[in-house]
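Participant: for reference, the sequence and a predicted model appear below.
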There are 2 protein chains.
Amino acid sequence: MQVWKEYIDQNKDRFLEELFTLLRIPSISADSAYKPDVARCAEAVKQSLIDAGVDKAEVCPTAGHPIVYAEKIISPSAPTVLVYGHYDVQPADPLELWHSGPFEPVVKDGKIYARGACDDKGQMFMHVKAFEVLSRTNTLACNVKFMIEGEEEVGSSNLGTFLEQNKELLKADIVLVSDTSMISMEHPSLETGLRGLAYMEVEVVGPNRDLHSGVYGGAVANPINILCNMIASLHDENNHITIPGFYSNVAEMSTSDREALNAAPFDLEAYKQDLGVKDVLGEKGYTTLERTGIRPTLDVNGIWGGYTGEGAKTVLPSKANAKISMRLVPHQSSQEIAGLFQKHFESIAPDSVSVKVTAHHGGEPVVTPTDSVAYKAAAKAIETAFGKSPIPTRGGGSIPIIALFEKVLGLKTVLMGFGLDNDNIHSPNEKYDVANYYKGIETIPYFHRYFAEMSN
Amino acid sequence: MQVWKEYIDQNKDRFLEELFTLLRIPSISADSAYKPDVARCAEAVKQSLIDAGVDKAEVCPTAGHPIVYAEKIISPSAPTVLVYGHYDVQPADPLELWHSGPFEPVVKDGKIYARGACDDKGQMFMHVKAFEVLSRTNTLACNVKFMIEGEEEVGSSNLGTFLEQNKELLKADIVLVSDTSMISMEHPSLETGLRGLAYMEVEVVGPNRDLHSGVYGGAVANPINILCNMIASLHDENNHITIPGFYSNVAEMSTSDREALNAAPFDLEAYKQDLGVKDVLGEKGYTTLERTGIRPTLDVNGIWGGYTGEGAKTVLPSKANAKISMRLVPHQSSQEIAGLFQKHFESIAPDSVSVKVTAHHGGEPVVTPTDSVAYKAAAKAIETAFGKSPIPTRGGGSIPIIALFEKVLGLKTVLMGFGLDNDNIHSPNEKYDVANYYKGIETIPYFHRYFAEMSN
């Protein structure tokens, strides 16, 4: 569409500058110290939607961080697209590894560097700008609703309630989300599934105080050693997870589906080189694409205990802690796996320590259908913008709320992500390619058009 | 000796107040931020020795923290006691677990609470005050030399050079040290051996940056999981250490010596209750007293990696670290064990990570003879002051320098400690019983007298 292209060209610099304004707000949802920034970010998102041409926009308070809702209804008979995204970001530490400030966005070598550049401010804001393009060129074909939350990085704990309380308001035909990645600009792809998540925190307590490791060492259980033993025992020698019942509900993929999955362009040597590792490591019997796409995993996300300062301290600490998360696949249930983990972890603790297991947020795995009108509209939009039809892939990450959209609102989701796996999301030097940002803004209007056309 | 008793009684409160002055100085040798405090503490120790009546006292600079040397020579024909102690202390963290400030000494329920109260300012200062008693009552029977260092808690790395360079100055007949513990006031004891130490720091590096655990989890080695596996593999199911060659030079104790060791008063139920643990844990085939006295051990003193803040972060971190120390027994060598550890730890790392192993300070195990004049003088001094002869025990801790006294100066050491195992040394709420402090000041003069008598 020439008119879209022209509008984007004329407003390119402003589109980038407006994203930068959002990226400068440290909307870290996990850390309560940033609560005012999260609130400020919600207001900024609302204002950007008003500026883009919505009829109505509001910041809706929740028990946690607020949700921004906005809508533009063009006709009761037009199909409705519900755009979901999030304006909160992951914590930025370790700060010392960032080349530039996490909340001081810069463009370097064609890439926007900032926390949230890709996940998800950059991708979410493409929808705001794509909507502006449609709105300002009078080419809207669908009704559009926006639901942009501030708790995605902490498990969307209040979005479920919001869905339940606003079923009428949120009525739509499809949920459209850009919070995932594609293979590359040369190999555009569409994700057809996401892993679920169970995120646990464990504490192993030994003696009632820190002890001198000389006086007591060898006779009293050391909580760090015990925690290491317990964590090590969670995988067997083939990297299978040893929690009883963990695999019971895992959907095994057919041979032909596995073949299709492994047919996606993937260069193992380039992958290893990019990560700087001599070898990959994972569950025996599965390829790297399978290990991250269709198999459940268990990773320690953080561990701490004892003396971690400069020099040496001969302490036998009273306790040790870890954050441990599991990625889940269909048809595992987050709550059930959290329960199995807790039961197992408590059962393997020796008598010489006590163990406390708590669950952080979880999320259910999802598979999105490839035969739906929405998927076909998304595929055609990508084909139009990229000149190539997208490869269906399975994503390793989790967006806990996707499963809830179906459960509460009865809505399917299209995962139209424009990120790249090397965008360093959740890591220092998160980036988003400027080209991908603009390509997203170019592609999204086609989705709206094709979805309207195909829905009739 | 009535005259000693009277002098102590008359100066009791001042003896305590003077110790408090020392305890108020945060002389943490491991943390370079406290370097000025360590220097200030050395000056304070020197001044206290001058005030107590030495002929000569000086603060001797080293490549690290200074050593305080002082002496009082009464006669060339009298035997010479070299008192060794240290004025540096362990770091005070975790600060939030202290009931009162670590450097704001208080007496509560008859106990002095402060970092260094027992280890070793309190015990070292007993010798300064005992010397004052002898000096001011004109009852010195031995020449006395003091060597009080500021790097014991970081491996005494510069004391060896000091010994080498001052062999003449340090000529003596025995080294007397109070930096260990006894069983209880009811069961006074003398330590006849100390464990050695090898202290290592390890780093496991996986991918070249922190990764999103959803996108990469399951396919890329997680350094925390790998570190846990590696640490867990350092012990077998019987809690034997699996490092090849680790036990090669361990001196096995005779059955009768083991029986004697186990005859010391020890109440396992009270021990467990004091520590708040349901069960003890250690090497199969050995008792708790053996596990802490005559067997080598391996403990993780600190571990860190990934996200350790509030809430949940789904990171697959680039690296993980741990501090791991081993307590050694005769005739293990600290350097050899450090080498074996390094070689083994590097050998068990999978190809998917790289490993860096560095050694902190070490120390050699020692055994002190019980048939020497000095040991007999110490035993008689304790018998006189406590009304009971001391039980010979084997200490689990390490004083790396003791082995060097013999190697460089040709001197044996008497370990006349007045601490208790529950003094929380190296832990929050370190304490030293006021009664033990005064009992030490009362006992030490007898050692000087008996050592002079028996030496003739």
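Facilitator: Sure thing, it's come through. All figures in this text were calculated on a predicted structure; none of them were measured in a lab. Residues are numbered from 1 along each chain as shown, chains lettered A, B, ... in the order given.
Participant: what sits against whatever residue of the stretch 301-450 of chain A ends up closest to chain B?
Facilitator: Using CB to the nearest CB, A:G397 is the residue of the stretch 301-450 of chain A that sits closest to chain B, at 3.0 Å. Bear in mind the C-beta positions are built from the backbone N, C-alpha and C, glycine included. Contacts here follow CB atoms under 8 Å, 6 or more residues apart in numbering or on different chains; on that basis A:G397 touches A:180, A:194-195, B:212, B:214-215, B:314.
Participant: and the pLDDT at A:K313?
Facilitator: Note on A:K313: pLDDT of 87.
Participant: got a list of what A:G110 touches?
Facilitator: Shown in contact with A:G110 (CB under 8 Å, 6+ apart): A:433-435.
Participant: quick revisit: do you know how far the residue of the stretch 301-450 of chain A closest to chain B is from A:A114?
Facilitator: As for A:G397, its distance to A:A114 is 19 Å (criterion: CB to CB, to the nearest Å).
Participant: so which residues of chain A form helices?
Facilitator: A:2-23, A:35-52, A:121-136, A:159-165, A:223-232, A:255-262, A:268-275, A:288-293, A:334-347, A:373-386, A:401-404, A:434-455 (DSSP state H).
Participant: export the last one as CSV, just CAs?
Facilitator: So the one you mean is helix A:434-455. Taking C-alpha atoms only, helix A:434-455 is exported to CSV below (Å, rounded to 0.1, in the frame of the first residue of the first chain):
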residue,chain,number,x,y,z
VAL,A,434,15.9,-0.7,13.6
ALA,A,435,15.1,-2.5,10.4
ASN,A,436,12.9,-5.0,12.3
TYR,A,437,11.1,-2.2,14.1
TYR,A,438,10.1,-0.6,10.8
LYS,A,439,9.4,-3.9,9.1
GLY,A,440,6.9,-4.7,11.9
ILE,A,441,5.2,-1.3,11.4
GLU,A,442,5.0,-2.1,7.7
THR,A,443,3.7,-5.7,8.1
ILE,A,444,1.0,-5.1,10.8
PRO,A,445,-1.4,-3.0,8.6
TYR,A,446,-1.5,-5.9,6.1
PHE,A,447,-2.6,-8.2,8.8
HIS,A,448,-5.5,-6.0,9.7
ARG,A,449,-6.5,-5.7,6.0
TYR,A,450,-6.2,-9.4,5.2
PHE,A,451,-7.9,-10.5,8.4
ALA,A,452,-10.9,-8.3,7.5
GLU,A,453,-10.9,-9.6,4.0
MET,A,454,-10.6,-13.2,4.9
SER,A,455,-13.1,-12.9,7.8
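Participant: show me what that helix is packed against.
Facilitator: helix A:2-23, strand A:80-86, strand A:111-113, helix A:121-136, strand A:174-177, helix A:373-386 (3 or more CB pairs under 8 Å, 6 or more residues apart in numbering or on different chains; DSSP states H and E).
Participant: repeat that for the shortest one.
Facilitator: Here helix A:401-404 is seen to pack against helix A:159-165, strand A:354-363 when contacts are counted using 3+ CB pairs under 8 Å, 6+ apart.
Participant: can you pull the contacts of A:K121?
Facilitator: A:19, A:22-23, A:87, A:89.
Participant: residues contacting the residue in the stretch 51-200 of chain A positioned nearest to chain B?
Facilitator: Scanning the stretch 51-200 of chain A for the residue nearest chain B gives A:Y199, at 4.8 Å (criterion: CB to the nearest CB). Applying CB under 8 Å, 6+ apart to A:Y199 gives the contacts A:155, A:301, A:323-326, A:359-362, B:312, B:314.
Participant: one step back: in a markdown table: the contacts of A:G110, plus neighbour count and distance to B:F125.
Facilitator: Shown next, in a markdown table, are the contacts of A:G110 (neighbours: other CB atoms under 10 Å in any protein chain shown; distance: CB to CB, whole Å):
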| residue | neighbour count | distance to B:F125 |
| --- | --- | --- |
| A:D433 | 22 | 66 |
| A:V434 | 18 | 68 |
| A:A435 | 12 | 71 |
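Participant: so how far is A:H65 from A:R40?
Facilitator: Noted for A:R40: a distance of 11 Å to A:H65, by CB to CB.
Participant: same check on A:H426?
Facilitator: Distance, A:H426 to A:H65, by CB to CB: 18 Å.
Participant: what sits against the closest residue to A:N239 other than its chain neighbours?
Facilitator: Of all residues not flanking A:N239 in the chain, A:E283 sits nearest, at 4.6 Å (CB to CB, 6 or more residues apart in numbering or on different chains). By CB under 8 Å, 6+ apart, the residues touching A:E283 are A:238-240, A:291, A:295, A:297, B:218.
Participant: which of the residues you listed has the largest number of neighbours?
Facilitator: Highest neighbour count within the contacts of A:E283, by other CB atoms under 10 Å in any protein chain shown: B:G218, with 31 neighbours.
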